[in-house]
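[1] Next one to model:
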Amino acid sequence: MAGRIEDYALIGDMQTAALVCRDGTVDWLCLPRFDSHAIFAGLLGTGEHGFWRLGPAYAPGTEPPTAARRGYRGDSLILESEWDTPRGTVRVTDFMPPRDGAPQLIRIVEGVSGRVPMRSELRMRFSYGRVVPWVHKHEGRTVAVAGPDSVWFDTEAETYGKALTTYADFTVAPGDRIAFTISWEPSHKQPPPLPEPEQSLVATEDFWREWVEHCTYHGPYREAVIRSLITLKALTYAPTGGIVAAPTTSLPEEIGGVRNWDYRYTWLRDAAITLSSLLRTGYREEARAWREWLLRAVAGDPENLQIMYGIAGERELGETELDWLPGYEGSTPVRVGNGAAHQLQLDVYGEVTEALHLAHMTGLARNDYASVLQLKLIRYLEDHWQEPDEGIWEVRGPRRHFVHSKVMAWVAVDRTIKLVESGDADGPLERWKQLRDDIHRDVCEKGYDEERNTFTQSYGSRELDASLLLIPQVGFLPPDDKRVIGTVEAIQRELSTSDGFILRYPTDGRDEGVDGLPGDEGAFLACSFWMADDLAMIGRVDEARKLFEKLLSLRNDLGLLAEEWDPRLQRQVGNFPQAFSHVPLIDTALRLTASGAYGG
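    Numbering: from 1, shown residues only. All right, here's what the predicted structure looks like:
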């Protein structure tokens, strides 16, 4: 059985990622890309669906021991786990070198004290646990082959096969270092080069140290910000600049429920806000790469803008269900692909335009087509902003006139007006100013409940929605506007959990709710960070700081956050780690630091 979501550590090479549990088991790894088929899918099933455990030997019929200590080596993505056993202490170092060739997962066992019996247990299952590969020896190396894929296993330790699993039993003493590596290569090509684990470790540590040095944030929350930035970097697909929302699929928003989605794609919204955080902390190269990715993905067809694409800009992300996987803690269905790709979500135009605007304002080298794209997006919005859509939360129920969508349409027009006024683009300035005023008036008339002094989720509804917290943050209304304050207070009253975190919107348990789905979900962490931002903006800075630091306490021991927090079970839920949680963490830290609202 897989561990709790927060029991996992992330390692990765900026093209794919693995999740390592506290007991030394890799339960999730897709090769060679984030969105490839998993060779270890135990996270969504059982040990029969693939895993790799490396740790102290243990008696048959008992649970493998968990590490007594673990942490990342400095500001890196190199994981170090230590076990204290009756026979001594051992350390395992796990990492994936930033690649210029075959993807590799390297695990180095080091004896610290005593003599510790160890075991490596490698069960490769291709196609998300469905296919048992042909495992054999080739020139002294172990290789697993199935269809187009081959995975090569290299180690100095003696290995043997049993029950379709590759084992190595060995003992380490102080100073011993034994490396294990798996490398992926297309099965029709020559074997990948022999790994060089120790050299790769040095190079990986150097890479992360040099990358972190570019961070311009040195405030009181630096540790949390740096770890979040490293996580965002790990979720970036280096060859194209695309940014995945998370490296996993189908980790449930409700344990045992159906709200299980594939997040291994590039959402324009998530990527745009990630870009903003990177720009605010000094990472222009990543911002430039994402902008280039965007221009390639959208190409000359902004009228058919998708809300998400594949990490190389692919448009077809057909959603299917893997019925042979029992799901994380019985949460089915397990989905790959995402049927929301072709939804209409008008807010995306605002997020993309805001990101391009920020890139322009922070001095990112000009790209003429970026300005052309921005103008094309606004021309599309002129004709379509009055349409209902599926909104930021990708509802699978009927389309509605979501207030947040209209607000972000206003943002798109506002930022484009600023682009024209700066002299860097040409457009019908007066017409667009009138459009901006029309959208603003429409929202304030149709999306505001005067009796309750709050904006609502959609025109004519009484439901609230945490995305309304973004109204002052994007400049639609000033923070001291009574309608903003009323909305913040209404969301606190009606969408807060018992421990003070914020739900996205009301859900209705077993019945189909506004999102067209049965069941409930946890508190959406991004919304709780937005609440902290708004509290700071309306002058309640002590309350904002306390909420922020309470949110920081939800991170696992390695500083990682999933998408949501289940207040009933007191555990993280949803895909992990989640860019849409780490981005607002960074933004709130920057806001609180600027306001002086931190510890004391």
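[2] Please make it C-alpha for all contacts and neighbour counts, starting now.
    Will do.
[3] Distance of the closest residue to residue 343 other than its chain neighbours relative to residue 192?
    What sits nearest to residue 343 in space, not counting adjacent residues and going by Cα to Cα, 6 or more residues apart in numbering, is residue 390, at 6.5 Å. Counting by Cα to Cα, to the nearest Å, the gap from residue 390 to residue 192 is 46 Å.
[4] Check residue 332 too.
    For residue 332, the distance to residue 192 equals 37 Å [Cα to Cα].
[5] repeat for residue 184
    Plainly put, residue 184 is 8 Å away from residue 192 if you go by Cα to Cα.
[6] which residues are common contacts for these two?
    Residues touching both residue 184 and residue 192 (Cα atoms under 8 Å, 6 or more residues apart in numbering) are 102, 152.
[7] helix, strand or coil for residue 407?
    Following DSSP: H, G, I helix; E, B strand; the rest coil, we place residue 407 in the helix state.
[8] could you point out which element follows the strand or helix carrying residue 18?
    Applying DSSP states H and E as the criterion places residue 18 in strand 17-20. Counting by DSSP H and E, the next helix or strand C-terminal to strand 17-20 is strand 25-30.
[9] Go ahead and name everything in contact with the helix or strand just after that following strand.
    Where DSSP H and E defines the elements, the next helix or strand beyond strand 25-30 is strand 38-40. Residues outside strand 38-40 that contact it (Cα under 8 Å, 6+ apart) are 26-31, 49-52, 123-129.
[10] Centre of the chain to stretch 304-320, how far?
    With Cα atoms, centre = their mean, to the nearest Å as the basis, stretch 304-320 stands 17 Å off its chain's centre.
[11] what comes up buried for it?
    Counting neighbours by 16 or more other Cα atoms under 10 Å, one finds that the buried residues in stretch 304-320 are 305, 306, 307, 308, 309, 310, 311, 312, 313, 315, 317.
[12] hmm, back to that, counting neighbours around each, name which of residue 332 and residue 192 comes out higher.
    residue 332 (23 against 17; other Cα atoms under 10 Å).
[13] what sits against that one?
    256, 257, 258, 260, 326.
[14] Closest one of those residues to residue 170?
    For the contacts of residue 332, the minimum distance to residue 170 (Cα to Cα) is 33.6 Å, reached by residue 326.
[15] Might one say that the closest one is in contact with residue 44?
    Yes - taking Cα atoms under 8 Å as the definition, residue 326 is a contact partner of residue 44 at 6.7 Å.
[16] ok, these two, which is more surrounded?
    For the pair residue 326 and residue 44, the greater number of neighbours falls to residue 44 (28 against 16), based on other Cα under 10 Å.
[17] check contacts around the more buried one.
    Contact analysis of residue 44 by Cα under 8 Å, 6+ apart lists 2, 250, 251, 325, 326, 327, 328, 329, 334.
[18] which among those residues end up buried?
    2, 250, 251, 325, 326, 327, 328, 329, 334.
[19] Minimum pLDDT in those, which residue is that?
    Lowest pLDDT of those: residue 2, 86.
[20] Find me whatever residue is spatially closest to that one, sequence neighbours aside.
    residue 43 (5.2 Å).
[21] got it, and residue 529?
    Nearest residue to residue 529, sequence neighbours excluded (Cα to Cα, 6+ apart): residue 584, at 5.9 Å.
[22] What of residue 394?
    The shortest distance from residue 394 to any non-neighbouring residue, by Cα to Cα, 6+ apart, is to residue 340 (6.6 Å).
[23] for the stretch 501-600 of the chain, what spans make up the helices?
    For the stretch 501-600 of the chain, helices defined by DSSP state H, counting those that start in this stretch occupy the ranges 525-537, 541-552, 579-595.
[24] Same check on the stretch 351-500 of the chain?
    Counting by DSSP H, counting those that start in this stretch, the stretch 351-500 of the chain has helices at residues 368-384, 403-421, 429-446, 470-473, 482-494.
[25] Below-threshold pLDDT in the chain: ranges please.
    Along the chain, the parts satisfying pLDDT under 70 run over 300, 508-519, 597-600.
[26] ok, back up a step: and the helices of the stretch 351-500 of the chain: which comes nearest residue 101?
    helix 368-384 (31.7 Å).
[27] got the buried residues for that closest one?
    Those would be 370, 371, 373, 374, 375, 376, 377, 378, 379, 381, 382, for helix 368-384 by 16+ other Cα under 10 Å.
[28] repeat for stretch 467-485
    Buried residues in stretch 467-485, defined by neighbour count with 16+ other Cα under 10 Å: 467-472, 474, 476-479, 483-485.
[29] between those residues, which is nearest residue 171?
    Comparing the buried residues of stretch 467-485 against residue 171 with Cα to Cα places residue 467 closest, at 54.6 Å.
[30] That closest one: what's it in contact with?
    Going by Cα under 8 Å, 6+ apart, residue 467 touches 392, 404, 504, 527.
[31] Would you check which pair of the residues you listed lies furthest apart?
    The distance between the two most remote of the contacts of residue 467 (Cα to Cα) is 13.1 Å, for 404 and 527.
[32] that older thread, counting only strands, which of the contacts of residue 332 make the cut?
    The strands, defined by DSSP state E, take in nothing from the contacts of residue 332.
[33] who wins for neighbours among those residues?
    residue 260 (24 neighbours).
[34] With adjacent residues omitted, what lies nearest to that one?
    Nearest residue to residue 260 in three dimensions, chain neighbours excluded: residue 250, at 4.1 Å (Cα to Cα, 6+ apart).
[35] who's in contact with residue 590?
    By Cα under 8 Å, 6+ apart, the contact list for residue 590 reads 217, 219.
[36] Recalculate using a threshold of 6 Å.
    If you count contacts by Cα atoms under 6 Å, 6 or more residues apart in numbering, residue 590 has none.
[37] how close does it get to residue 551?
    For residue 590, the distance to residue 551 - Cα to Cα - is 15 Å.
[38] returning to that earlier point: is it possible to get a markdown table of the buried residues of helix 368-384 that adds distance to residue 91?
    Formatted as a markdown table, those follow (distance: Cα to Cα, whole Å):
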| residue | distance to residue 91 |
| --- | --- |
| 370 | 49 |
| 371 | 52 |
| 373 | 51 |
| 374 | 52 |
| 375 | 55 |
| 376 | 55 |
| 377 | 53 |
| 378 | 56 |
| 379 | 58 |
| 381 | 56 |
| 382 | 60 |
